[in-house]
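# Would you be able to build a 3D model of this:
(one chain, ligands or ions: 2)
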Amino acid sequence: MSKKEYINIEEIGEFGLIEEIKKMFHDKHRAETLMGIGDDAAVLNMNNHVLTLLSTDNLNEGVHFDLFYTPLKHLGFKSVSVSVSDICAMNGEPIGITVSIALDSRFTVPMVKEFYEGVHIACEKYGIDLIGGDTTGSYKGLFINTSIIGRVEKERIAYRSGAHPGDLICVTGDLGGAYIGLLIMQREKEVHIEAPRATLKLEGYEYPIERLLKPEARLDIVKLLRELDVVPTAMIDVSDGLASDLLHLCTASNVGCVIYEDKFPIDPVVYRTALLEFNLNPTTVFLSGGEDYELLFTIPEKYGDLFENHSDVTIIGKILPQEEGTYMVSKSGNKYELIAQGWDAFRKYMRENPEQ
Ligand code: ADP
Ligand code: MG
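Numbers count the residues shown, from 1 in each chain. Ligands and ions are numbered 1, 2, ... in the order given. Predicted structure coming up:
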């Protein structure tokens, strides 16, 4: 065995591992493949005018969700949202999804049906069909895989790679809620372990908890962009954390960026809870909390007026030439280099399961 086969996954992380796989498949066999590994969804040219989008995601028990505080119906809904979000991130329209499950011996028919009720509600919400899946057993744990197919007209597609210096950086909704929701649920789980009879204290935290358990993909924004006749120059969905995903966009586009702390959209309950109950800087939570499934996109400056004071979209910064770097300007005017501290499923899993 060569030396390189002993590299730990933790050393290179999830994205390093994807790069390694990508390098092995740089040869392309089909003219249809416009974008393979490297964006939110694969892009196939099947009939020239309309492009086909394809994306797949795994949700694994213990890594992505904890059944102690995740109702199965919510999990079904979330599984669909996560995939729809990747189609939205290409400025596309989702069409159909396959949902595959691996179940261990804890699961009963009503439990599986509860999960699929959530899938059904999501399919109805996004106007898509469940078109298949696979059902298998697992030794331990629930494993979910979703694969989604969508479409987008050639002239409306938004890759991660199209941002230009001078473009405005926009983010939808607010960020950090799902992470605070996770911290609240983990806190309640610990209380429950210590005192099983204690009732969960969830009142007042409905918003962050809903952000964690039942995120909604921003298909409404894809529709809004169409109505406004705007095509983002680049787009990505915020799944790992804003800093990490913005750096992905900048790397793919070969550009730098500046974002302004005083512009960051953070929900007031999320802000207060982060600061007062978890002793966390709300800005750090905004930059690094993952799983919000909002959209991050760039637009030419001339469209700026459309999103000034918009209820669903906030302009948080600007794209710069690559050599100017990637940084945040704080409320007090200091510059901080952006670092990707986003949620890296591998690191978290390895840290919490050192013996594996
Ligand atoms: P997202 O967070 O948008 O789902 P990822 O960071 O998981 O995106 O993936 C980035 C890119 O790498 C995508 O094009 C995805 O299809 C590809 N990718 C991830 N894992 C693998 C893998 N094991 N084999 C091939 N491609 C992969
Ligand atoms: Mg994505």
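
# Go ahead and confirm Val112 touches Ala102.
No: here Val112 lies out of contact with Ala102, judged by CB atoms under 8 Å, at a distance of 11.6 Å. Where C-beta positions appear, they are placed from N, C-alpha and C, glycine not excepted.

# tell me, what's touching these two both at once?
Counting by CB atoms under 8 Å, 6 or more residues apart in numbering, Val112 and Ala102 have no common neighbour.

# Next one: whatever residue of the stretch 251-356 of the chain ends up closest to ligand 2 from Val152, what distance?
Residue nearest to ligand 2 within the stretch 251-356 of the chain: Tyr293 (8.6 Å; CB to the ion). Computed as CB to CB, to the nearest Å, the Tyr293 to Val152 distance reads 18 Å.

# So these two - more neighbours on which side?
Shown here are Tyr293 and Val152; by other CB atoms under 10 Å, Tyr293 has more neighbours (24 against 21).

# list the contacts for that one?
Contact analysis of Tyr293 by CB under 8 Å, 6+ apart lists 81-82, 85, 178, 215-218, 237-239.

# Which of those residues fall in strands?
237-238 (DSSP state E).

# As JSON lines, the contacts of Tyr293 with distance to ligand 1 and pLDDT would be great.
Output for those, formatted as JSON lines (distance: CB to the nearest ligand atom, whole Å; pLDDT from 0 to 100):
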{"residue": "Ser81", "distance to ligand 1": "12", "pLDDT": "98"}
{"residue": "Val82", "distance to ligand 1": "8", "pLDDT": "98"}
{"residue": "Ser85", "distance to ligand 1": "8", "pLDDT": "98"}
{"residue": "Ala178", "distance to ligand 1": "14", "pLDDT": "97"}
{"residue": "Pro215", "distance to ligand 1": "13", "pLDDT": "98"}
{"residue": "Glu216", "distance to ligand 1": "17", "pLDDT": "98"}
{"residue": "Ala217", "distance to ligand 1": "12", "pLDDT": "98"}
{"residue": "Arg218", "distance to ligand 1": "14", "pLDDT": "98"}
{"residue": "Asp237", "distance to ligand 1": "6", "pLDDT": "98"}
{"residue": "Val238", "distance to ligand 1": "10", "pLDDT": "97"}
{"residue": "Ser239", "distance to ligand 1": "5", "pLDDT": "94"}
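
# which of the contacts of Tyr293 come close to ligand 2?
Asp237 (CB under 5 Å from the ion).

# Could you identify the buried members of the contacts of Tyr293?
By neighbour count, with 16 or more other CB atoms under 10 Å, the contacts of Tyr293 hold 81-82, 85, 178, 215-218, 237-239 as buried.

# Which of those sits closest to Ile266?
Distance to Ile266, by CB to CB, is smallest for Ala178 among the buried ones among the contacts of Tyr293, at 12.4 Å.

# Enumerate every residue touching the closest one.
Going by CB under 8 Å, 6+ apart, Ala178 touches 208, 211-212, 215, 289-293.

# So what's the residue count around the residue in the chain that ligand 2 sits nearest to?
For the chain, the residue closest to ligand 2 is Asp40, as judged by CB to the ion, at 3.7 Å. Each residue near Asp40 was counted by other CB under 10 Å, and the total is 25.

# Check the gap between it and Ala89 for me.
4 Å.

# Residues contacting stretch 118-133, please?
With CB under 8 Å, 6+ apart, stretch 118-133 has contacts from 72-81, 84, 94-101, 148-149, 216-217, 219.

# Quick check: mean pLDDT of that stretch?
Averaged across stretch 118-133, pLDDT comes to 96.

# how about the strands in the stretch 101-250 of the chain?
All strands of the stretch 101-250 of the chain, identified by DSSP state E, counting those that start in this stretch, fall at 129-132, 135-137, 143-153, 168-172, 234-238.

# which phi and psi does Asp305 have?
Main-chain dihedrals, Asp305, degrees, to the nearest 10: phi -60, psi -30.

# coming back round to it: which ones among the buried ones among the contacts of Tyr293 are found in helices?
Among the buried ones among the contacts of Tyr293, the members found in helices (DSSP state H) are 81-82, 85, 178.

# C-alpha coordinates for the host helix or strand of Ile315, CSV please?
Element membership for Ile315 (DSSP states H and E) is strand 313-321. As requested, the backbone C-alpha atoms of strand 313-321 are provided in CSV (Å, rounded to 0.1, in the frame of the first residue of the first chain):
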residue,chain,number,x,y,z
VAL,A,313,-33.4,39.7,0.5
THR,A,314,-30.5,41.7,2.1
ILE,A,315,-27.5,43.1,0.4
ILE,A,316,-24.6,42.3,2.8
GLY,A,317,-21.5,43.2,0.7
LYS,A,318,-19.7,43.3,-2.6
ILE,A,319,-17.5,41.2,-4.8
LEU,A,320,-13.9,42.4,-5.1
PRO,A,321,-10.9,41.4,-7.4
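
# count of residues packed around the residue in the stretch 51-200 of the chain positioned nearest to ligand 1?
Closest contact between the stretch 51-200 of the chain and ligand 1, by CB to the nearest ligand atom, is at Asp86 (5.1 Å). Neighbours of Asp86 under the rule other CB under 10 Å: 27.

# Report the contact partners of it.
Contacts of Asp86 by CB under 8 Å, 6+ apart are 40-41, 55, 57, 148, 237.

# Need the residues touching each of Asp40 and Ala89.
Between them, Asp40 and Ala89 share the contacting residues 235-237, judged by CB under 8 Å, 6+ apart.

# Write out the residues of the stretch 151-300 of the chain neighbouring ligand 2.
Asp237.
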